[in-house]
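Novice: Quick one, structure for this:
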Amino acid sequence: MRANGIHHSELAKEGIAFAVKSMSIDFARAAHIDDLLVVETSIASLTGARMVLDQVIDRGTERIATARVEVVAIKVGGKAARLPKALLAKFST
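Specialist: Next comes the predicted model:
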């Protein structure tokens, strides 16, 4: 999100946060302390209050793990929320 100019601290100022609803991970190899890992995230689907994210985690040319993460938007107090229109517009293009 940061690479797209969206910062969690700015969303928090709007009273919005993300909560992980579900996550599945397939570990292919072990990672170790001090390994330099690269995590790439892409949006698999997006609705007004939910994002499904696909992630790949690599160490150099080795694939360490893949994951699918479902996050939902919540108000800082914990109730469900809609994603800001500006955020939806950035990811809908």
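Novice: where do the strands sit along this structure?
Specialist: Remark: strands assigned in the chain by DSSP state E are 16-27, 38-46, 50-59, 62-75.
Novice: what is the orientation angle of the longest one with strand 38-46?
Specialist: It refers to strand 62-75. Put simply, strand 62-75 runs at 50 degrees to strand 38-46, going by axes from the mean of the first three to the mean of the last three CA atoms, to 10 degrees.
Novice: Tell me the buried residues in strand 62-75?
Specialist: For strand 62-75, burial by neighbour count (16 or more other CB atoms under 10 Å) applies to 64-65, 67, 69-74. In short, each C-beta sits where N, CA and C put it, glycine included.
Novice: quick one: the residue nearest the centre of the chain from Lys13, how far?
Specialist: Nearest to the geometric centre of the chain sits Leu53, at 5.7 Å (CA atoms, centre = their mean). Distance of Leu53 to Lys13, given as CB to CB, to the nearest Å: 23 Å.
Novice: Show me what the helix ranked longest in the chain is packed up against.
Specialist: In the chain, assigned by DSSP state H, the helix with the most residues is helix 85-92. On a contact count with 3 or more CB pairs under 8 Å, 6 or more residues apart in numbering; DSSP states H and E, helix 85-92 meets strand 38-46.
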